[in-house]
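Colleague: Pasting a predicted model and its sequence here:
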Amino acid sequence: MDPVSQNPTPEPLTELQLSEQENIRREKLMKLIDAGQSPYAVTHFDVTNTSREILDGFDALDGKTASLAGRLMSKRVMGKASFAHLLDADGQLQIYVRRDDIGVDEYMNFKTFDIGDVIGVTGMVFRTQKGEISLHVQSIQLLAKSLKVLPEKYHGLKDPDLRYRQRYTDMIVNPEVRETFRKRTQILKAVREFLDSRGFLEVDTPVLQTIEIGAAARTFKTHLNALDLDMFLRIETELYLKRLIVGGFDKVYEVGRLFRNEGMDATHNPEFTSVETYQAYVNYETVMEMVEQLYSYVAQQVCGSTLVPYQEHEIELKAPWKRVTMADAVEAACGVRYADWKTNQDARAALQARDIHVEKTWTRGDCMAALFDEYVEASLIQPTFVTDYPVDISPLAKRKPENPDLTERFEFFINGHEMGNAFSELNDPLDQRKRFEEQVRVRQAEGIHAEVDEDFLNALELGMPPTGGLGFGIDRMVMLFTNNASIRDVLLFPTMKPIK
């Protein structure tokens, strides 16, 4: 083969299609560069205060010198003096700029500044005649030129698709967005505080894994060149964390990124943040109590109350939460009794009679879960624990001693959405092997590759103490505490289809 054809000359970059305003901004930048005044040559600016510190601490700062930096968000030029607003990480502050204070040349430069430019200012804190706390500027410096035009002030950036694609612009023009992500950090901090105070040890486990387990979630596949080995992005942290329980840690947790190659909607994103906790010598009853305490603690820390507004509801997170078994909830909602099904065929027939889609591989447990999704889930507005799931849809949960067909498992629901999942963890290695093998058999029958995690079974055979485990999504928790209806509103950079 002609070597030239293997390495074709790359196509030239597409010429930028610029608006008139963008061309004008580039021309201004070129003039600055030609004059030896490139803003990009500036390496630092000494910031002494933020806008919030000046606004909140005005009594102590009045008449004193302060320096702050941020983005120019408005400018009102009035001959020899101008008012403007500077946006920094904490909010906005008005600045007052006078030609006689900063000099003719610098004032002329200031008049050429565009909305969106990043500037640094130093001056005296004061209050205007109209009562607005401001900074009387003594010096001003351009730190970065904005070559793009920000969305118009009063209409803002409203298109949700564009907001998610350009989160950086969204955060500039929609201040409430930054508040959401500040709260997200507060929520994560509060979760860690709660768990740390109870003696849990935070750990990290592998994201890249060598086997595709038989769980219901689909994985993302990648390849490790160094070992010429196919690998998979994790769909959970559970099996590694339980290895640590075997290894002698009695309380562990991980805040970790998970990846599931599945659908996307208001509560699902292909990559998301999960918290999983495992505690030795307790069962799912203890974990339920911990969930109640955790959510109450985070609500108090972040919102100042256990009563949290969410969409059209007021959600009360204070214990005790409602508890109901899955079978009782389904029977109450649609009259179907789980105990009446003797075979998987009985269960599938019950769903077909109600025109609910049924897969030929579905078990009694799958059918019960489908009825729950259809008739119950959306009605669970206030915090509710749904307990005692069928064993065939709970491959990692311990059977109930009084009814081996069910497990010591619960999920908890708020505002009609599942928020977390927990078990009395299965620690019988022989039972676990049977369930894994059945799970893999079903997945392979569906045409999906799956394997048994032999190393995890090896760990179980060493002996794992009775353990209570919990997993919950941070993103859905943030949605609740920030009153956002879409998961994309609480992810800084949600997954988006590229624009071609």
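Modeller: Here it is on my side, so go on. Numbering: from 1, shown residues only.
Colleague: Just the endpoints, please. Distance across stretch 402-411?
Modeller: Stretch 402-411 has an end-to-end distance of 20 Å (Cα to Cα, to the nearest Å).
Colleague: Same question for it: list its buried residues.
Modeller: For stretch 402-411, a neighbour-count test (16 or more other Cβ atoms under 10 Å) marks 406-411 as buried. All C-beta atoms are positioned from the backbone trio N, CA, C, and that covers glycine.
Colleague: Closest one of those to residue 80?
Modeller: residue 411 (66.9 Å; Cβ to Cβ).
Colleague: Can you tell me the SS state at the closest one?
Modeller: Secondary structure, DSSP: H, G, I helix; E, B strand; the rest coil: residue 411 is strand.
Colleague: hang on, the earlier thing: could you dump the buried residues of stretch 402-411 to a markdown table with pLDDT and distance to residue 148?
Modeller: Formatted as a markdown table, the buried residues of stretch 402-411 follow (pLDDT from 0 to 100; distance: Cβ to Cβ, whole Å):
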| residue | pLDDT | distance to residue 148 |
| --- | --- | --- |
| 406 | 97 | 58 |
| 407 | 97 | 55 |
| 408 | 98 | 56 |
| 409 | 98 | 51 |
| 410 | 98 | 50 |
| 411 | 98 | 45 |
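Colleague: Just give me the closest of the residues you listed to residue 209.
Modeller: Nearest to residue 209 out of the buried residues of stretch 402-411 is residue 409 (Cβ to Cβ; 23.6 Å).
Colleague: mind checking how far the closest one is from residue 286?
Modeller: For residue 409, the distance to residue 286 equals 14 Å [Cβ to Cβ, to the nearest Å].
Colleague: Same question for residue 432.
Modeller: Counting by Cβ to Cβ, the gap from residue 432 to residue 286 is 21 Å.
Colleague: Residue 484 now?
Modeller: For residue 484 relative to residue 286 (Cβ to Cβ), the value is 31 Å.
Colleague: Neighbour count: the two, which is higher?
Modeller: More crowded of residue 484 and residue 286, by other Cβ atoms under 10 Å: residue 484, with 19 against 14.
Colleague: For that one, give me the backbone phi and psi.
Modeller: Residue 484 adopts backbone torsions of phi -110, psi 140, taken as degrees, to the nearest 10.
Colleague: what ranges do the helices span in the stretch 201-350 of the chain?
Modeller: 238-247, 284-303, 326-334, 344-352 (DSSP state H, counting those that start in this stretch).
Colleague: Which residues does the residue lying closest to residue 324 once chain neighbours are set aside form beta bridges with?
Modeller: Sequence neighbours aside, residue 386 is the residue nearest to residue 324 in space, at 6.0 Å (criterion: Cβ to Cβ, 6 or more residues apart in numbering). Counting by DSSP bridges, residue 386 is bridged to residue 324, residue 411.
Colleague: let's number from 8 now, not from 1
Modeller: Happy to do that; since the first residue is 8 now, the last one works out to residue 393.
Colleague: Residue 393 and residue 482: what is the separation?
Modeller: Distance check for residue 393 against residue 482: by Cβ to Cβ, it reads 21 Å.
Colleague: And the closest residue to residue 443 other than its chain neighbours, how close does it get to residue 442?
Modeller: Nearest non-adjacent residue to residue 443, counting by Cβ to Cβ, 6+ apart: residue 459, 4.6 Å away. Plainly put, residue 459 is 10 Å away from residue 442 if you go by Cβ to Cβ.
Colleague: ok, longest strand in this protein?
Modeller: If you go by DSSP state E, the chain has its longest strand at strand 72-85.
Colleague: Same question for that one: list its buried residues.
Modeller: For strand 72-85, burial by neighbour count (16+ other Cβ under 10 Å) applies to 73-80, 82.
Colleague: Any chance of a markdown table for those residues, columns distance to residue 194?
Modeller: Converted to a markdown table, the buried residues of strand 72-85 look like this (distance: Cβ to Cβ, whole Å):
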| residue | distance to residue 194 |
| --- | --- |
| 73 | 32 |
| 74 | 32 |
| 75 | 28 |
| 76 | 28 |
| 77 | 26 |
| 78 | 27 |
| 79 | 32 |
| 80 | 28 |
| 82 | 37 |
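Colleague: Kindly reformat those as TSV containing distance to residue 379 and pLDDT.
Modeller: Converted to TSV, the buried residues of strand 72-85 look like this (distance: Cβ to Cβ, whole Å; pLDDT from 0 to 100):
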residue	distance to residue 379	pLDDT
73	59	98
74	59	98
75	54	97
76	54	98
77	50	97
78	49	97
79	54	97
80	50	96
82	58	95
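Colleague: Output the contacting helices and strands for the one helix or strand residue 89 maps to.
Modeller: Counting by DSSP states H and E, the element that carries residue 89 is strand 88-95. For strand 88-95, the packing partners by 3 or more Cβ pairs under 8 Å, 6 or more residues apart in numbering; DSSP states H and E come out as helix 58-63, strand 72-85, strand 98-105.
Colleague: distance between the helix or strand following the shortest one and the chain's centre?
Modeller: In this case it means helix 58-63. Toward the C-terminus, helix 58-63 is succeeded by helix 65-68 as the next helix or strand (DSSP H and E). Put simply, helix 65-68 sits 38 Å off its chain's centre (Cα atoms, centre = their mean, to the nearest Å).
Colleague: in helix 65-68, what counts as buried?
Modeller: So, applying 16+ other Cβ under 10 Å, buried residues of helix 65-68: residue 68.
Colleague: orientation of the longest strand of the chain relative to strand 88-95 in degrees?
Modeller: For strand 72-85 against strand 88-95, the angle by axes from the mean of the first three to the mean of the last three Cα atoms, to 10 degrees is 130 degrees.
Colleague: which outside residues touch strand 72-85?
Modeller: Contacts to strand 72-85, defined as Cβ atoms under 8 Å, 6 or more residues apart in numbering, come from residues 52-58, 61, 89-96, 99-100, 118, 120-132, 142, 145, 150, 153, 160, 179.
Colleague: quick one: least confident helix or strand in the chain?
Modeller: Counting by mean pLDDT, DSSP states H and E, the weakest-scoring helix or strand in the chain turns out to be helix 10-13, with a mean of 44.
Colleague: Following the chain past that one, name the next helix or strand.
Modeller: Later in the chain than helix 10-13, the nearest helix or strand by DSSP H and E is helix 27-41.
Colleague: Now do the buried residues in that following helix.
Modeller: 32, 35-36, 39.
Colleague: same thing with stretch 108-120?
Modeller: Buried-residue list, stretch 108-120, by 16+ other Cβ under 10 Å: 108-109, 113-114, 116-117, 120.
Colleague: Export the residues you listed as a markdown table, with columns for distance to residue 505 and secondary structure.
Modeller: Output for those, formatted as a markdown table (distance: Cβ to Cβ, whole Å; DSSP: H, G, I helix; E, B strand; the rest coil):
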| residue | distance to residue 505 | secondary structure |
| --- | --- | --- |
| 108 | 49 | helix |
| 109 | 45 | helix |
| 113 | 43 | helix |
| 114 | 45 | helix |
| 116 | 39 | helix |
| 117 | 39 | helix |
| 120 | 34 | coil |
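Colleague: Nearest to residue 468, out of those residues: which one, please.
Modeller: residue 120 (69.6 Å).
Colleague: Verify the contact between that closest one and residue 149 for me.
Modeller: Yes: using Cβ atoms under 8 Å, residue 120 is in contact with residue 149, at 6.5 Å.
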